[in-house]
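Undergrad: test case, fold it:
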Amino acid sequence: MESILGEITDELELYGTEPSFLLEGEPGTAYIKAQNVEAVETLIKLKLLSPMEFEQFCSEMLRNLGATANTVGGTGDGGVDFIAFNLPIGKIDIAALHACYPTVIGQAKRYNDRFITVTDLRCFLGGALIKADEIKRTYDRYGIFSPTAYAFWTTSEFHNSAREFARNAGLWCLGGLSLAQLSLRIGLNNLLSSSISI
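TA: The predicted structure is shown next:
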């Protein structure tokens, strides 16, 4: 059983989720200990947000990570809900790194039970690539090889085929639990305690 739980842990971490359990003790006598309980409570609060509030929350997460972010979702958004510029790639803010800070183009889906499919990801990528081209034509600083990260964040989860597609394509996909864990790590749970108004 310990090897199976180890495999589950490895798979969760591969997709950006910290396990909700921890193996304690020596091999053969190990026991399972619960962890990350706050993330489940945070996820429940995320699912109570309106779709627009969830888009704003995603932008706020990127701002807390050091980027300049805004929400662009709405009618005619082309499948892009938030954009962030200058996401730091490390803890040291020095001018030599600024040219390689990526732009983040993302979609935010506040779902309760609907899992994300490969088709959802492909539809997002179509609109995101057009938005990336628009950004590169609008701003002198962004050229054809400027780094861009494509993010698809949801309060639900991804079908296994969608996870595999996302990993092969290099998408920054966060399911509900991963998103809740990240928001706790960067101190955004206080936004969910009060009604969100970002």
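Undergrad: touching, Tyr142 and Pro102? I think so.
TA: No: using C-beta atoms under 8 Å, Tyr142 makes no contact with Pro102, being 10.3 Å away. Just so you know, the C-beta spots here come from the backbone N, C-alpha and C atoms, and that holds for glycine as well.
Undergrad: so for Met1, what's the pLDDT?
TA: Predicted confidence (pLDDT) for Met1: 51.
Undergrad: so what does the helix or strand encompassing Val40 touch, helix or strand wise?
TA: For Val40, the host element (DSSP states H and E) is helix 37-48. Helix 37-48 sits against helix 176-185, helix 189-193, with contacts defined as 3 or more C-beta pairs under 8 Å, 6 or more residues apart in numbering; DSSP states H and E.
Undergrad: avg pLDDT for the shortest one?
TA: It refers to helix 189-193. Helix 189-193 carries an average pLDDT of 68.
Undergrad: repeat that for the first one.
TA: Average pLDDT, helix 176-185: 91.
Undergrad: buried ones in that helix?
TA: Within helix 176-185, the residues scored as buried using 16 or more other C-beta atoms under 10 Å are Gly176, Leu177, Ser178, Leu179, Ala180, Gln181, Leu182, Ser183, Leu184.
Undergrad: tell me how far that helix lies from the chain's centre.
TA: 8 Å (C-alpha atoms, centre = their mean, to the nearest Å).
Undergrad: do stretch 82-100 as well
TA: 17 Å.
Undergrad: span of it from start to end?
TA: Using C-alpha to C-alpha, to the nearest Å, the end-to-end distance of stretch 82-100 comes out at 20 Å.
Undergrad: domain ranges for the protein?
TA: 1-36, 47-185 (automatic domain parsing).
Undergrad: centroid-nearest residue for this structure?
TA: Leu174 (3.8 Å; C-alpha atoms, centre = their mean).
Undergrad: need the helices for this protein, in chain order.
TA: Secondary structure of the chain, counting by DSSP state H: helices at 2-14, 37-48, 51-64, 95-98, 118-138, 160-169, 176-185, 189-193.
Undergrad: out of those, nearest to Phe82?
TA: Closest approach to Phe82 among the helices of the chain is made by helix 51-64 (4.6 Å; C-beta to C-beta).
Undergrad: which residues touch Gly106?
TA: By C-beta atoms under 8 Å, 6 or more residues apart in numbering, the contact set of Gly106 is Cys58, Val80, Asp81, Phe82, Ile83, Ala84, Ala128, Tyr150, Ala151, Phe152, Trp153, Trp172.
Undergrad: against Leu87, how distant is the last one?
TA: According to C-beta to C-beta, to the nearest Å, Trp172 stands 10 Å off from Leu87.
Undergrad: overlap in contacts, these two.
TA: Val104, Ala149.
Undergrad: let me have the helices of the chain in CSV, adding distance to Gly74 as columns.
TA: CSV is the format used below for these (distance: least, C-beta to C-beta, whole Å):
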stretch, distance to Gly74
helix 2-14, 34
helix 37-48, 20
helix 51-64, 8
helix 95-98, 30
helix 118-138, 13
helix 160-169, 25
helix 176-185, 21
helix 189-193, 21
